[in-house]
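>>> give me a 3D structure for the following:
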Amino acid sequence: MSTESHQFTATIWRHDGPAAWHFVSLPDELADGLRAAYGHRQKAFGSLPVRAKIGHTEWETSIFFDRKRETYLLPVKAAVRDSEDLEDGDELALQLTPVV
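Numbers count the residues shown, from 1 in each chain. I've put the predicted structure just below:
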């Protein structure tokens, strides 16, 4: 797997907890490919640096491997949700590029 961009659709969801964190779960096939190609480059907490794009909003962040869900999670901060008018349960198109 190269550092090319990966496009997919997913649903944004809110973490059940005291903080209002929102995430997108990566499709299993994409997560498996990224973990195989870049797992050895993961940083603290299983993080992998990426460049993400939703609509017109593009930012650098990290995805985190969640052992419970067995996939990577992309945190979607409030500024991105506000800019793209996103709410819990919305389906969205994303572009993700590993930064390695």
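
>>> for stretch 73-83, which residues meet the burial criterion?
73-74, 76, 80-81 (16 or more other C-beta atoms under 10 Å). Using the backbone N, CA and C atoms, a C-beta is placed for each residue, glycine as well.

>>> now do it: everything it contacts.
12, 20-26, 50, 52, 54-57, 59, 61, 63-66, 86-87, 94, 96 (C-beta atoms under 8 Å, 6 or more residues apart in numbering).

>>> do a quick rundown of the strands in the protein.
Here the chain has its strands, by DSSP state E, at 6-14, 22-25, 47-54, 57-66, 71-75, 91-98.

>>> now for the nearest residue to Trp21 once chain neighbours are set aside: which residues touch it?
Nearest residue to Trp21, sequence neighbours excluded (C-beta to C-beta, 6 or more residues apart in numbering): His15, at 4.3 Å. The contact partners of His15, taken as C-beta under 8 Å, 6+ apart, are 21-23.

>>> ok, back up a step: could you dump the buried residues of stretch 73-83 to a markdown table with pLDDT?
A markdown table is the format used below for the buried residues of stretch 73-83 (pLDDT from 0 to 100):
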| residue | pLDDT |
| --- | --- |
| Leu73 | 96 |
| Leu74 | 98 |
| Val76 | 97 |
| Val80 | 97 |
| Arg81 | 96 |
